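> here are the coordinates; sequence isn't available:
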């Protein structure tokens, strides 16, 4: 499909904005979109053109319009089919997207193909990058501004399956893939048996446990049978996408003993395929006890600017999509790398919770010229040790190779330890004979040891200093700047549907998150403009202020609040 002709002059004289300008006042969200956001999208048309072949096939739908529709989907929380209808029938959408009054719209699958074009061209963050550049130009954010960072989980757009269901669904997908590529004359003798067992038949969930266990073993045997038969065939069959997934699922769900017997795995490793319809969605858990949350899906890191003054607004600086099993520790450098790609510089200060704080992270931030602020986690507890004699109570100096215990005794030995594979460096401090006659030996030294030993990382001094600083009132007041990130995540989840993935696959979920961040920034941008138009949000405006607040509260309310929660997206 080729790139359509972008007729700017025609749109100026035939668009809804020139024909029916009086239908929308200056404070209308659609007119604000047309005047503020549409020019941004139009200025990115050269980048969008990279998603198309110059002269190959019939002209497609204008990509600037399609990008605007994708943003509107998350401003008003509508699926593809409803978005296509709104483009055709909604005057506000026509005005915002600079369309002619008689524009016919397009088929909903056009949005599916356009999202794929964005992904293939590496343009998933195009909308967010354009909005951030506009906000910077208007003075709402700076290239280098204070930020706060936190993470939350995203539920995948697939059902949670049992181990048996996962294997059966994977076999069915592999058979359907082979059915389209493998001629009937080349199919094995057991083909019809497998097709009837896994494609045409459904699992009876009310079966006895013994029957389900028997079916699980049978599924494993059928997996191995099919994979062994495919082994001598060509790579186009043996390495097909779903056949490769079947091989992966079999290795995760079964163990092949030397005798040739197949045994189901009892304990699964982290990161195994949970549903073959979205292999990227992984299982993960957070917290313990009643606070424990487990999900199948993904994880995101949300970074937001911190307003330096009370009358300023905060905006989403970046959103990073992670695998569900990835840590917050890995999310911090990924966030900085993402912001560099978006044209932002490293923040002078980054406010986080304790999950991001480590001695290495604090040290590396300082070396890079910025400060990572957040409470350090306490050291791990050890059986038989009182809280007063944990590592925090010792004054440790790695540079001087000494440690001082709470009773003032100095360590007698320091050893540098280096892991062979990772090269990770640690230091072990020993107190030796110092502990023999100590009155607090029973409280400080574990019963299995003769004297106290302490093992710390190479950057323990930075961690030690943070644990001391976080006790001060000044540090605790400074950390108040992080609190608003919880409300921001709630806004993204409740207002823009970030909790649930609309699409399947890591790349598409990341595209969704980038569009949500762009939509949230646009909404905040318009709120800021409306607040300025009404004389500032912090002033007591009486009736006018109440009217202004009602406009702000209604800004980008969902067009149909019932359309989103129960629907699934391709």
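Perfect, I can see it now. Treat the numbers as computed from the prediction; the structure is a model and nothing was measured.
> how close does the closest residue to residue 404 other than its chain neighbours get to residue 240?
Nearest residue to residue 404, sequence neighbours excluded (C-beta to C-beta, 6 or more residues apart in numbering): residue 395, at 4.3 Å. (Glycine included, C-beta is placed from N, CA and C.) As judged by C-beta to C-beta, to the nearest Å, residue 395 and residue 240 stand 62 Å apart.
> ok, the two, which is more surrounded?
residue 240 (19 against 14; other C-beta atoms under 10 Å).
> tell me the contacts of the closest residue to that one other than its chain neighbours?
Leaving out its chain neighbours, the residue that sits closest to residue 240 by C-beta to C-beta, 6+ apart is residue 177, at 5.6 Å. By C-beta atoms under 8 Å, 6 or more residues apart in numbering, the contact set of residue 177 is 240, 241, 242, 243.
> give me the element residue 177 is part of.
Per DSSP states H and E: residue 177 is located in helix 163-181.
> check which element follows that helix along the chain.
helix 191-194.
> buried ones in that following helix?
Buried residues in helix 191-194, counting neighbours by 16 or more other C-beta atoms under 10 Å, are found at 191, 194.
> for it, what is the average pLDDT?
Regarding helix 191-194, the rounded mean pLDDT is 94.
> next structured bit after it?
helix 209-230.
> ok, and what's touching that following helix?
So helix 209-230 is in contact with 163-164, 167-168, 170-171, 174-175, 188, 190, 194, 197-198, 203, 207, 237-238, 243, 246-247, 249-250, 253-254, 256, 262, 264, going by C-beta under 8 Å, 6+ apart.
> how long is stretch 376-393 from one end to the other?
One end of stretch 376-393 sits 14 Å from the other (C-alpha to C-alpha, to the nearest Å).
> kindly apply the preceding question to stretch 397-408 instead.
Stretch 397-408 end-to-end distance (C-alpha to C-alpha) = 14 Å.
> can you tell me what sits against it?
Counting by C-beta under 8 Å, 6+ apart, 388-389, 393-396, 410-411, 414, 427, 429, 431, 434, 438, 440, 444, 452, 454, 456, 458, 460-461 sit against stretch 397-408.
> am I right that residue 507 is in contact with residue 119?
Yes - counting by C-beta atoms under 8 Å, residue 507 touches residue 119, with 5.0 Å between them.
> helices and strands of the chain: which one has the lowest mean pLDDT?
Here the helix or strand of the chain ranked lowest by mean pLDDT, DSSP states H and E is helix 542-554, holding a mean of 44.
> so what's residue 148 up against?
303, 304, 306, 350, 351, 352, 481, 482, 484, 485.
> so what pairs up with it in the strands?
Residue 148 has these beta-bridge partners by DSSP bridges: residue 304, residue 351.
> if I look at it, how far off is residue 228?
The value you get for residue 148 to residue 228, if C-beta to C-beta is used, is 54 Å.
> the residue of the chain most remote from its centre in helix, strand or coil?
In the chain, counting by C-alpha atoms, centre = their mean, residue 437 sits farthest out from the average C-alpha position, at 54.6 Å. Here residue 437 is coil, with the state taken from DSSP: H, G, I helix; E, B strand; the rest coil.
> what residues sit buried inside stretch 84-100?
Buried-residue list, stretch 84-100, by 16+ other C-beta under 10 Å: 84, 86, 87, 90, 92, 93, 94, 95, 96, 97, 98, 99.
> next step: these restricted to helices.
Counting by DSSP state H, the buried residues of stretch 84-100 place 84, 86, 87, 92, 93, 94, 95, 96 in helices.
> so what's the fifth one closest to, chain neighbours aside?
When the adjacent residues along the chain are set aside, residue 93 lies closest to residue 86, with 4.8 Å between them (C-beta to C-beta, 6+ apart).
> same deal with residue 270?
residue 325 (5.2 Å).
> what's the answer for residue 492, then?
residue 498 (4.2 Å).
> then residue 262?
residue 220 (4.4 Å).
> next one: residue 269
Closest to residue 269 by C-beta to C-beta, 6+ apart is residue 252, at 7.2 Å.
> got it, and residue 249?
In space, residue 249 is closest to residue 170, 4.5 Å off (C-beta to C-beta, 6+ apart).
> what's the pLDDT at that neighbour?
pLDDT, residue 170: 95.
> for residue 295, see how far away it is.
Residue 170 is 21 Å from residue 295, by C-beta to C-beta.
> so which of the two has more stuff around it?
residue 170 (28 against 19).
> give me the contacts around the helix or strand harbouring residue 466.
Residue 466 is located in helix 460-469, with elements delineated by DSSP H and E. Helix 460-469 is contacted by residues 357-359, 362-363, 366, 375-376, 378, 392, 395-399, 427, 457, 475 when judged by C-beta under 8 Å, 6+ apart.
> in strands, which of those appear?
Using DSSP state E, the subset of the contacts of helix 460-469 located in strands is 395, 396, 397, 427, 457.
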